[in-house]
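> Next input, structure requested:
(one chain, ligands or ions: 1)
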Amino acid sequence: MAIVLGPNQYGKAEVRVVAVDRSTPRHTLVDLNVSSALRGDFAGAFTDGDNSHILATDSQKNTVFAFARDGISTPEEFGLRLARHFAGSYDWITGARIGIESFGWDRIAVGGQPHDHAFRRAGGEVRTAVVTADGDDLHVVAGLSDLVVLKTTGSEFWGFPRDAYTTLPETRERILATAVTARWRYTRTDLDFAAVYDSVRTTMLETFASLHSLALQQSQYAMATAVLERHPDVAEVRMSMPNKHHFLQDLSAFGLDNPDVVYHADDRPYGLIEGTVLRDDVPAAEVAWEGTPGFV
Ligand SMILES: O=c1[nH]c(=O)c2[nH]c(=O)[nH]c2[nH]1
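Down below sits the predicted model:
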């Protein structure tokens, strides 16, 4: 029996970098949380404390800030630049994963006009990007998390089997609410990432709104399918969606009826619907998903 070093990677997690463009009086702002992880031959550092192959995590952090000095266009392009740089820096570094969260800021309206340099944080939603360099291959996975949506009709849930523990009534009318977390893999690295992101997000929202849903599973599949139908450069979509239950509150103790008016918004437990929808003619790229937990 021998004890051996298994899979490993290392890097700097959660570098918070804010880049401001003041080149015109109308400033713009990019606010990112960047995590790097390098892959390659670092065995000596783990087994013997030999750091001769170690690109220090402090240097990785500094690289993020130095590259930001040139401005940041999209998280995907910033990730591509960092991944190419790290994976190309020493021959024993064979790959890099750059994970980015992007926080949105909207202009504050003053007298009905969007302000030039004052902002408020946009919603709870976060844009995400993961760029993976693996040898000469580059993979881009874009995404979003915590896009909270709700519809007040157009949702039913019935036809499920009833066992000894089933108490849930069938319903033809309910509130459907969820927080969408989704990631989608591109087949190219030269896209207009900002435009495609907006289009994917809009497609998901429109589909959630317009589909008459018989299950959150059906809504999720329809949302991902619509993204693939409208975006030829997306190979697969992975989604994780909690069912944010809204239970009709029993008001009979107060002599009141409740014809689908008053609900109890429960925060836990929640159903969790997870799925992948993909084109069957595009090669899989599991390495693009390594280090991104929370999806099937
Ligand atoms: O859309 C739903 N899917 C389920 O699997 C489920 N299970 C449940 O109790 N309510 C719901 N709703």
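> Only C-alpha atoms from now on, for both contacts and neighbour counts.
OK.
> where does the residue of the chain most remote from its centre fall, phi/psi-wise?
Computed with C-alpha atoms, centre = their mean, the maximum C-alpha offset from the centroid of the chain is found at Gly255, amounting to 45.8 Å. With angles defined as degrees, to the nearest 10, Gly255 shows backbone torsions of phi 70, psi 20.
> do Leu82 as well
Taking degrees, to the nearest 10, you get phi -70, psi -40 for the backbone angles of Leu82.
> what sits against it?
Shown in contact with Leu82 (C-alpha atoms under 8 Å, 6 or more residues apart in numbering): Thr63, Val64, Ile98.
> So for the strand or helix carrying the second one, what gets flagged as buried?
Counting by DSSP states H and E, the element that carries Val64 is helix 57-68. Buried residues in helix 57-68, counting neighbours by 16 or more other C-alpha atoms under 10 Å, are found at Thr57, Gln60, Lys61, Val64, Phe65, Ala68.
> Next one: Ser36 from Ile54, what distance?
Ser36 sits 13 Å away from Ile54, taking C-alpha to C-alpha, to the nearest Å as the criterion.
> contacting residues around the residue of the stretch 1-150 of the chain found nearest the ligand?
With distances taken as C-alpha to the nearest ligand atom, the stretch 1-150 of the chain approaches the ligand most closely at Leu150, which sits 12.8 Å away. For Leu150, the contacting residues are Ile175, Leu176, Ala177, Thr178, taking C-alpha under 8 Å, 6+ apart as the criterion.
> Can you pull the residues of the stretch 151-296 of the chain lying near the ligand?
Proximity of the stretch 151-296 of the chain to the ligand, by C-alpha under 6 Å from any ligand atom, involves residues Phe157, Ala215, Leu216, Gln217.
> mind putting those in TSV, neighbour count, secondary structure and distance to Gly275 included?
Putting those into TSV (neighbours: other C-alpha atoms under 10 Å; DSSP: H, G, I helix; E, B strand; the rest coil; distance: C-alpha to C-alpha, whole Å) gives the following:
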residue	neighbour count	secondary structure	distance to Gly275
Phe157	17	strand	19
Ala215	14	coil	13
Leu216	22	helix	11
Gln217	16	helix	8
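> which one among the residues you listed gets closest to Asp116?
The shortest approach to Asp116 among these belongs to Leu216, at 40.9 Å (C-alpha to C-alpha).
> Ser36 and Ile54: which is more packed in?
Between Ser36 and Ile54, counted using other C-alpha atoms under 10 Å, the more crowded position is Ser36 (27 against 18).
> domain assignment for the chain?
As recorded under automatic domain parsing, the domains making up the chain are 1-135, 144-296.
> In CSV: those domains, plus mean pLDDT.
Compiled in CSV, the domains of the chain are given as follows (pLDDT from 0 to 100):
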stretch, mean pLDDT
domain 1-135, 98
domain 144-296, 97
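> so which of the buried residues of helix 57-68 are also by the ligand?
Checking those against the ligand by C-alpha under 6 Å from any ligand atom, not one of them is in range.
> What ranges does the chain have for its strands?
Read by DSSP state E, the chain holds these strands, from start to end of the chain: 15-21, 28-40, 93-110, 113-134, 137-151, 176-186, 234-243, 246-248, 263-265, 271-278.
> Direction included, what does the fifth one pair up with?
In the sheet containing strand 137-151, its partner strands are strand 113-134 (antiparallel), strand 176-186 (antiparallel), by DSSP bridges.
> Out of the ones you listed, which is the most enclosed?
With neighbours defined as mean count of other C-alpha atoms under 10 Å, the strands paired with strand 137-151 peak in mean count at strand 176-186, which reaches a mean of 23.
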